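**Q** Compute the structure for the input listed below.
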Amino acid sequence: MEKIGILTFHASTNYGAFLQTYALSTILKRRGYDVKIINLELENRSLSTKTMVFYYWSYLKFKYARERFLNLTQKYRSSQDIKNNLPDCDLYIVGSDQVWNPKITKSLYSAFFFDFLPSNKKRISYAASFGEAKWPYDEDKTQEIFCYLKNFNAISVRESSAVNLCREYLKLDATQVLDPTLLLKDYSEILGNKPILRQNKVVIFKFNKGKKLLQFIKDFKKIVNQDDIIVLRAFLGIFSRYFKNIPAPSVKQWIRQIATSSLVITDSFHGVCFAILFHKQFIVIPAHADRFTRIESLLEQLGLQDRIFHSYQEILSDTRWKSLINYTDVDNKLSAKRDESLIFIDKLTTNSL
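**A** Residues are numbered from 1 along each chain as shown. Predicted coordinates:
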């Protein structure tokens, strides 16, 4: 059995980060590979005492999911740590997610270009993302990254903008592929056997929070015919008659809330992915314009640009979100993209290179 090592953002207390790791590793395991997650953790961020309590509560739930569903190597702190005790694999994959975004990887940025691998090791990227449409590296680091990437057997990225960035700044060709969460159709291993029944509720999952969101929920409640509005991981310690707050759902709860909803409102890339997977009506509102390319690129591929709204006022005044999504058309487009991405994986996880 061939061994594959994946380097990605598996350890984050972030639903998308965990689920894209789970999805890619599951797809490879179902193809008969022995899959390991290279357990390199990013630098810890500083948190307030109040936030730390919430973070730790959430951390324990993600820790449980990682230990149950991911095959982790020993823990590493740096590239040198990995180099000193390299997991023995036939192929190394970096991705998916924003593994090439230096704002996230910081001092560990070069590790995500496999700076620790000997030259004879087979390596590829799968759905790697820069996170933004602008090139994030200076001239010296650009040359350094080129030297790493020219040793890759193949490069694939998540957004069309990333294809352009590789071509313009690195003079390298990259293939655009789907995020692995969209490759995996079956999440029953996480969800269990309990039936997924649609409920008349709106689920809101937003990273960009605050008083404006709270006011929007009040206003939206007046115009939408829904029994409940559920807010996932938003207002810690706030209770309101306008919505139900689930401040730190488990991964299973997070997926199930989306899967059983009738409408999803989100600024999250993976929130959008799971809304699409479960055929939900959804509204997307960008949190940060410079990081919206990842969602925009996906929606363009699937012909869903009309689900983008640029302000709360636009949602309240423009009723196009009430138009039902034609999921027959979306599924046809998604199926074609899925096939292309799986062909990329199957070709490069063999000995054909």
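**Q** which stretches of the stretch 151-300 of the chain have low pLDDT?
**A** Residue ranges of the stretch 151-300 of the chain with pLDDT under 70: 208-209, 234-239, 289-291.
**Q** where exactly do the strands run in it?
**A** Using DSSP state E, counting those that start in this stretch, the strands of the stretch 151-300 of the chain run over 156-157, 175-176, 201-205, 228-232, 244-246, 263-266, 281-284.
**Q** Dump the ones you listed to a markdown table, plus distance to residue 9.
**A** Heads up, the C-betas are built off the backbone N, CA and C, glycines and all. Listed next are those as a markdown table, based on distance: least, C-beta to C-beta, whole Å:
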| stretch | distance to residue 9 |
| --- | --- |
| strand 156-157 | 16 |
| strand 175-176 | 20 |
| strand 201-205 | 18 |
| strand 228-232 | 19 |
| strand 244-246 | 23 |
| strand 263-266 | 19 |
| strand 281-284 | 22 |
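**Q** which parts of stretch 174-193 are buried?
**A** 174-184, 187, 190-191 (16 or more other C-beta atoms under 10 Å).
**Q** quick one: the helices in the stretch 251-353 of the chain?
**A** 251-259, 269-277, 293-302, 312-317, 327-348 (DSSP state H, counting those that start in this stretch).
**Q** Highest mean neighbour count out of those helices?
**A** helix 269-277 (a mean of 24; mean count of other C-beta atoms under 10 Å).
**Q** quick one: secondary structure of residue 73?
**A** Under DSSP: H, G, I helix; E, B strand; the rest coil, residue 73 falls in the strand class.
**Q** who's sitting farthest from the centroid in the chain?
**A** residue 222 (32.2 Å; C-alpha atoms, centre = their mean).
**Q** care to break this protein down by domain?
**A** 3-184+336-348, 188-322 (automatic domain parsing).
**Q** these two touch, right, residue 97 and residue 10?
**A** No - here residue 97 does not reach residue 10: they are 9.2 Å apart, not a contact under C-beta atoms under 8 Å.
**Q** Find the residues that touch each one of those two.
**A** residue 17 (C-beta atoms under 8 Å, 6 or more residues apart in numbering).
**Q** And these two? Which one has more around it.
**A** residue 97 (29 against 24; other C-beta atoms under 10 Å).
**Q** Can you give me every residue that contacts that one?
**A** Residue 97 touches 8-9, 16-17, 20, 127-129, counting by C-beta under 8 Å, 6+ apart.
**Q** Pull the most distant pair out of those.
**A** Greatest spatial distance in the contacts of residue 97: 16 and 128, 14.5 Å, computed using C-beta to C-beta.
**Q** Those two: which is more packed in?
**A** residue 128 (28 against 22).
**Q** Low-confidence regions, the stretch 1-150 of the chain specifically.
**A** Using pLDDT under 70, the stretch 1-150 of the chain drops low at 1, 44-55.
**Q** show me where it has helices.
**A** Under DSSP H, counting those that start in this stretch, the stretch 1-150 of the chain gives helices at 15-30, 49-69, 79-84, 102-105, 139-149.
**Q** what's the most buried one of the ones you listed?
**A** Note that of the helices of the stretch 1-150 of the chain, helix 15-30 is the most buried (mean count of other C-beta under 10 Å), with a mean of 22.
**Q** what residues does that one touch?
**A** 4, 6, 8-12, 35, 37, 62, 65-66, 69-71, 93, 95-97, 126-127, 179-181, 183-184, 189-190, 251, 254-255, 268-271, 273-274, 342, 345, 349.
**Q** how far off strand 228-232 does it point, in degrees?
**A** Put simply, helix 15-30 runs at 80 degrees to strand 228-232, going by axes from the mean of the first three to the mean of the last three C-alpha atoms, to 10 degrees.
**Q** chain center to helix 15-30: distance?
**A** 10 Å (C-alpha atoms, centre = their mean, to the nearest Å).
**Q** Export that helix to CSV, keeping only CA atoms.
**A** Below are the C-alpha coordinates for helix 15-30, written out as CSV (Å, rounded to 0.1, in the frame of the first residue of the first chain):
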residue,chain,number,x,y,z
TYR,A,15,-14.8,23.9,10.4
GLY,A,16,-13.6,24.4,6.9
ALA,A,17,-10.0,23.6,7.8
PHE,A,18,-10.9,20.4,9.5
LEU,A,19,-13.4,19.3,6.9
GLN,A,20,-11.1,19.9,3.9
THR,A,21,-8.5,17.8,5.6
TYR,A,22,-11.0,15.1,6.4
ALA,A,23,-12.4,15.1,2.9
LEU,A,24,-9.0,14.8,1.1
SER,A,25,-7.7,12.1,3.4
THR,A,26,-11.0,10.2,3.1
ILE,A,27,-10.9,10.3,-0.7
LEU,A,28,-7.4,9.0,-0.7
LYS,A,29,-8.1,6.3,1.9
ARG,A,30,-11.1,5.1,-0.1
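**Q** Understood, closing this out.
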